[in-house]
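A.B. asks: Sequence and predicted model, in that order:
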Amino acid sequence: MTWQDAGPRVAGQPPRVLPGGDPGAIREAADLLRSGRLVAFPTETVYGLGADALDRAAVARIFAVKDRPSFDPLIVHLAGAADVADHAEAADASDPRVARLGARFWPGPLTLVLRKRDHIPGIVTAGLPTVALRVPDHPVALALIRAAGVPVAAPSANRFGRVSPTRASHVVRSLGSRVSLVLDGGPCRVGIESTVVLLAEGRAILLRPGGVPSEAIEAEIGPLDHAADGVPGGAALAPGGSGAHYAPGARLEIVDPFGPGAARRLRARPGERLGLLATSTAGAQAARARGGPFAAEEVLAPDGDPVTVAARLFDALHDLDAAGLDRIVAQPVRAVGLGRAVMDRLRRAALDV
Ligand code: TXA
Ligand code: MG
């Protein structure tokens, strides 16, 4: 398998970017999916790199294009909650918690991991007996899935381990000629990936914090175990859920500009190009007062509102990446609500690859 999804196109050419609102573009993209090719498309969370989930060779191409290890399973995107019964085992599809969460959060940034039916290929699930299912809340994604008439396996449309794309231009920059068509739906509204919850044998485990705050899920179905807190077997349940990820080119450090000892870490060393990722205006002011100078600055939200911080996080990391920095200092947020997903992504961006 080569990484080129070139098909009739010549490798090395940049992808075509078509407006996602154009019915002709949707038809063309759906035809590509049905013929085993890949299409990058917008969702409300991040852009996805899609393939027909039932076509093993097409799914294998996703792993090749992303340089993604095959032990990291993919999310299967559906057009509606009713389709869950087609792909999950009857016992899980009829779990009242699935109906509750589907009714409350779909379409939306929630992924449910349920026992799979036999026709879901092992390459999609990395050999696991479960499959991750989600109904995205984006008109272009839904139109594409409906037009293709197949479930669409899609990870985020970036090279493995790097910052997820929230604009069509990020996809083009990260994947280049490795993908032939990108549907442009503008910037992603939520800006951070879906929350992943495993529902099995009466248990409910948060595998990845994301666009739906875990507190909102708990309000519907009761307490969640958190894989990050070391649930027995948690690491095995959440492959790809740990370790370095979302990494910008520069080293990223989480530094509270109001914290003790922050000044030393906020100061640029001689010759160092230092970037600032502030989550609030007050944080940016404190960082400037105690450290710097900063070669580039991003302030995610004036008041530190976690919804705005989440929506702008990856966009800002892409911009800081483009500034050619040596080091980025990032202001933390409180790890509650959407802030939990923001801190998960910042912590993993800060790990050394
Ligand atoms: O918002 C999103 O979820 C985006 C958009 C494109 O839908 N997709 C996304 O996909 O973030 P990806 O591949 O970057 O992350 C999928 C996560 C991984 O952490 C993977 O390990 C987990 O879902 N996952 C998928 N299938 C699983 C399964 N059967 N069991 C446990 N975890 C699973
Ligand atoms: Mg990803």
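C.D. replies: Structure received. Numbers count the residues shown, from 1 in each chain. Ligands and ions are numbered 1, 2, ... in the order given.
A.B. asks: ok, the closest residue to Gly324 other than its chain neighbours - contacts?
C.D. replies: Sequence neighbours aside, Arg273 is the residue nearest to Gly324 in space, at 6.5 Å (criterion: CB to CB, 6 or more residues apart in numbering). From N, CA and C alone the C-beta is placed, and that goes for glycine too. By CB atoms under 8 Å, 6 or more residues apart in numbering, Arg273 lies in contact with Ala295, Ala296, Ala323, Gly324, Leu325, Asp326, Arg327.
A.B. asks: among these, who's most crowded?
C.D. replies: When neighbours are counted by other CB atoms under 10 Å, Leu325 leads these with 21 neighbours.
A.B. asks: Just put the contacts of Arg273 in JSON lines and tack on distance to ligand 1, pLDDT and secondary structure.
C.D. replies: Formatted as JSON lines, the contacts of Arg273 follow (distance: CB to the nearest ligand atom, whole Å; pLDDT from 0 to 100; DSSP: H, G, I helix; E, B strand; the rest coil):
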{"residue": "Ala295", "distance to ligand 1": "30", "pLDDT": "98", "secondary structure": "coil"}
{"residue": "Ala296", "distance to ligand 1": "26", "pLDDT": "98", "secondary structure": "strand"}
{"residue": "Ala323", "distance to ligand 1": "25", "pLDDT": "95", "secondary structure": "coil"}
{"residue": "Gly324", "distance to ligand 1": "26", "pLDDT": "94", "secondary structure": "coil"}
{"residue": "Leu325", "distance to ligand 1": "24", "pLDDT": "96", "secondary structure": "coil"}
{"residue": "Asp326", "distance to ligand 1": "27", "pLDDT": "96", "secondary structure": "coil"}
{"residue": "Arg327", "distance to ligand 1": "26", "pLDDT": "97", "secondary structure": "strand"}
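A.B. asks: As a markdown table, those residues with distance to Ala58 would be great.
C.D. replies: A markdown table is the format used below for those (distance: CB to CB, whole Å):
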| residue | distance to Ala58 |
| --- | --- |
| Ala295 | 42 |
| Ala296 | 39 |
| Ala323 | 36 |
| Gly324 | 36 |
| Leu325 | 37 |
| Asp326 | 40 |
| Arg327 | 40 |
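A.B. asks: Would you mind checking which of those is nearest to Glu28?
C.D. replies: Ala323 (35.5 Å; CB to CB).
A.B. asks: give me phi/psi at that closest one?
C.D. replies: The phi/psi pair for Ala323 (degrees, to the nearest 10) reads phi -90, psi 0.
A.B. asks: Spatially nearest residue to the residue in the stretch 151-300 of the chain that ligand 1 sits nearest to (excluding sequence neighbours)?
C.D. replies: Closest contact between the stretch 151-300 of the chain and ligand 1, by CB to the nearest ligand atom, is at Pro155 (3.0 Å). Of all residues beyond its chain neighbours, the one nearest Pro155 is Leu74 (5.4 Å), with distances taken as CB to CB, 6+ apart.
A.B. asks: Please determine how far that neighbour is located from ligand 1.
C.D. replies: When distance is defined by CB to the nearest ligand atom, to the nearest Å, Leu74 is 5 Å away from ligand 1.
A.B. asks: give the contact list for the residue most central in space within the chain.
C.D. replies: With distances taken as CA atoms, centre = their mean, Glu193 lies nearest the centre of the chain, 3.5 Å away. The contact partners of Glu193, taken as CB under 8 Å, 6+ apart, are Thr45, Val46, Pro109, Ser156, Ser164, Arg208, Gly210, Gly211, Ala341.
A.B. asks: The fifth one: how many residues sit nearby?
C.D. replies: It stands for Ser164. Ser164 has 26 nearby residues by other CB under 10 Å.
A.B. asks: ditto for the last one
C.D. replies: Close neighbours of Ala341, defined as other CB under 10 Å, add up to 28.
A.B. asks: Can you get me a residue count around the residue lying closest to Leu274 once chain neighbours are set aside?
C.D. replies: Spatial nearest neighbour of Leu274, chain neighbours left out: Ala268 (3.9 Å); criterion: CB to CB, 6+ apart. Neighbour count of Ala268, defined by other CB under 10 Å: 17.
A.B. asks: give the contact list for Ala268.
C.D. replies: Leu274, Gly291, Gly292, Pro293, Phe294, Ala295 are the contacts of Ala268 under CB under 8 Å, 6+ apart.
A.B. asks: you'd agree the second one is up against Gly259?
C.D. replies: When you say that, I think you mean Gly291. No - taking CB atoms under 8 Å as the definition, Gly291 is not a contact partner of Gly259, at 11.8 Å.
A.B. asks: what about those two, which has more around it?
C.D. replies: Gly291 (20 against 14).
A.B. asks: got any ranges where the stretch 151-300 of the chain has weak pLDDT?
C.D. replies: 230-245 (pLDDT under 70).
A.B. asks: for the stretch 1-150 of the chain, same thing?
C.D. replies: Residues of the stretch 1-150 of the chain that meet the cut-off, pLDDT under 70, sit at 1-11.
A.B. asks: what about the helices in it?
C.D. replies: Using DSSP state H, counting those that start in this stretch, the helices of the stretch 1-150 of the chain run over 23-34, 56-66, 84-87, 90-93, 96-105, 122-125, 139-148.
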